[in-house]
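Novice: pasting the structure only:
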């Protein structure tokens, strides 16, 4: 029986492996373990470990190390701390394969620990290009990994160009898309009513009125500029009448400045401006589906909104060069540019659906390969 250890650090990367875990759990030829760390266990980001448990997943280990803080040094120190703790976990579990998602600094710790312990590393979502330090981490993980599960054919070509053997690079689509395509559609009114559960009476959204979805993370390679950047976006949005559904930023360096700006504008806003630490994935799909537009720099605006045709204004450099549908328009960190882009997107309205990142069957494909594909040699050799 093949043993597989999956690891996850936040709500976004869990969405990239959730359907893979579901498919693996159904197999009799696999023993699965799940290790949870990072923002999953933090109150300020919604303690999403509880959502994982509600979905019926059995958590094998919880890693509580990592350094809290808001600087690049804190991120670097966290990588070291996580490597130390994950080494102990992997030593106890001794898996055949370590499943490592995406491009976060926590993921770098996962891949480094496993690779140094001669464990086969399976990487989810390699070969993509973006802004911020995530791109460097993603490519570093590609070189640490043995099995590569990529989302598009262009990504597959990039990973092969990086010297990875083509027989171990699989274009399977994005497992996050699986979740989107199986969610029962809700009307805008039903979506906002669901969001209002748990919201203070004085802050509730009006189910009959349109809204903008806003999610802007700090950009780690532009540390120190987060407050100015999000202020430009918030000033641009202040000129629109739509309600604002806002998600808390991730825990990257600069997130405190983003959080302070959000709280400030929420206090002064004359319209509904509701900030959520976390929105469950099924409900989030409908929030994205029914938004008049999405604004910010989240990858969900690029990877997921295309399936609903939701207009997106992508702000700044965080998603540079990532493959996207026609529903996305870019804007610089300038309030007038952002305002113009939002106006144009609202005027355009819903776009035609585009299946950029797969067909909704990625989880099954990855699980089959993890369970049955021949494992590559641990000693890697560049192909050129």
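Specialist: Cool, got the structure. These figures come from a predicted structure and were not determined experimentally.

Novice: contacts and neighbour counts: CA atoms only from here.
Specialist: Will do.

Novice: which residue ranges form the helices in the stretch 1-150 of the chain?
Specialist: Along the stretch 1-150 of the chain, the stretches classed as helices by DSSP state H, counting those that start in this stretch are 11-15, 18-25, 49-54, 72-93, 105-116, 134-144.

Novice: Can you say which of those helices is nearest to residue 291?
Specialist: helix 11-15 (19.3 Å; CA to CA).

Novice: Please name every helix or strand in contact with that closest one.
Specialist: Counting contacts by 3 or more CA pairs under 8 Å, 6 or more residues apart in numbering; DSSP states H and E, helix 11-15 is packed against helix 175-182.

Novice: Pull out the buried positions in the helix it packs on.
Specialist: Buried residues in helix 175-182, defined by neighbour count with 16 or more other CA atoms under 10 Å: 175-181.

Novice: Also stretch 211-227?
Specialist: Buried residues in stretch 211-227 (16+ other CA under 10 Å): 211-221, 223, 226-227.

Novice: can you redo the residues you listed as TSV with pLDDT and distance to residue 100?
Specialist: Formatted as TSV, the buried residues of stretch 211-227 follow (pLDDT from 0 to 100; distance: CA to CA, whole Å):
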residue	pLDDT	distance to residue 100
211	98	35
212	98	33
213	98	29
214	98	28
215	97	25
216	97	24
217	95	22
218	94	23
219	94	22
220	90	21
221	92	23
223	93	26
226	95	28
227	94	31
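
Novice: low pLDDT regions in the chain?
Specialist: Applying pLDDT under 70 to the chain flags residues 67-68.

Novice: what ranges do the strands span in it?
Specialist: 2-8, 30-36, 61-62, 97-101, 120-124, 147-150, 169-171, 211-215, 243-247, 273-276, 293-296, 312-315, 328-331 (DSSP state E).

Novice: ok, back up a step: most tightly packed of the helices of the stretch 1-150 of the chain?
Specialist: Across the helices of the stretch 1-150 of the chain, averaging neighbours per residue (mean count of other CA atoms under 10 Å) puts helix 105-116 on top, at a mean of 24.

Novice: what angle separates that helix from strand 120-124?
Specialist: 150 degrees (axes from the mean of the first three to the mean of the last three CA atoms, to 10 degrees).

Novice: Can you name every helix or strand that helix 105-116 contacts?
Specialist: helix 72-93, strand 97-101, strand 120-124, helix 134-144.

Novice: Show residues contacting the first one.
Specialist: Applying CA atoms under 8 Å, 6 or more residues apart in numbering, the contact partners of helix 72-93 are 5, 61, 63, 65-69, 105-106, 108-110, 112-114, 117, 220, 223, 252-253.

Novice: mind listing what residue 234 touches?
Specialist: 265, 335.

Novice: Next one: it from residue 340, what distance?
Specialist: Look at residue 234 and residue 340: by CA to CA, to the nearest Å, they are 13 Å apart.

Novice: what's the burial count for residue 10?
Specialist: Around residue 10 there are 23 other residues, counting by other CA atoms under 10 Å.

Novice: my read: it touches residue 38, true?
Specialist: Yes - the pair residue 10 / residue 38 is scored as a contact, 6.3 Å apart, by CA atoms under 8 Å.

Novice: re the thing from before, switch the helices and strands packed on helix 105-116 over to JSON lines; also include distance to residue 369.
Specialist: Putting the helices and strands packed on helix 105-116 into JSON lines (distance: least, CA to CA, whole Å) gives the following:
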{"stretch": "helix 72-93", "distance to residue 369": "21"}
{"stretch": "strand 97-101", "distance to residue 369": "12"}
{"stretch": "strand 120-124", "distance to residue 369": "10"}
{"stretch": "helix 134-144", "distance to residue 369": "18"}
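
Novice: if we can go back for a sec, and the furthest pair within the buried residues of helix 175-182?
Specialist: Largest pairwise distance in these, by CA to CA, is 10.3 Å, between 175 and 181.

Novice: Which neighbours do these two have in common?
Specialist: By CA under 8 Å, 6+ apart, the residues touching both residue 175 and residue 181 are residue 360.

Novice: one step back: of the helices of the stretch 1-150 of the chain, which is nearest residue 354?
Specialist: helix 11-15 (19.7 Å).

Novice: Show me how far the closest one is from its chain's centre.
Specialist: Computed by CA atoms, centre = their mean, to the nearest Å, the chain-centroid distance of helix 11-15 equals 5 Å.

Novice: likewise stretch 153-164?
Specialist: For stretch 153-164 - counting by CA atoms, centre = their mean - the centre lies 21 Å from the chain centre.

Novice: In it, which residues are buried?
Specialist: Residues 155-160, 164 are the ones in stretch 153-164 that count as buried (16+ other CA under 10 Å).

Novice: can you list the residues that contact it?
Specialist: By CA under 8 Å, 6+ apart, stretch 153-164 touches 126-128, 142-143, 150, 166, 169-171, 382-384.

Novice: make it 10 Å
Specialist: Outside of stretch 153-164, the residues within contact range by CA atoms under 10 Å, 6 or more residues apart in numbering are 125-129, 139, 142-143, 145-150, 165-173, 323, 357, 380-384.

Novice: Kindly report the same for stretch 192-208.
Specialist: Residues contacting stretch 192-208 (CA under 10 Å, 6+ apart): 186-191, 209-211, 243-245, 266, 271-276, 279-280, 283-284, 286-287, 290.
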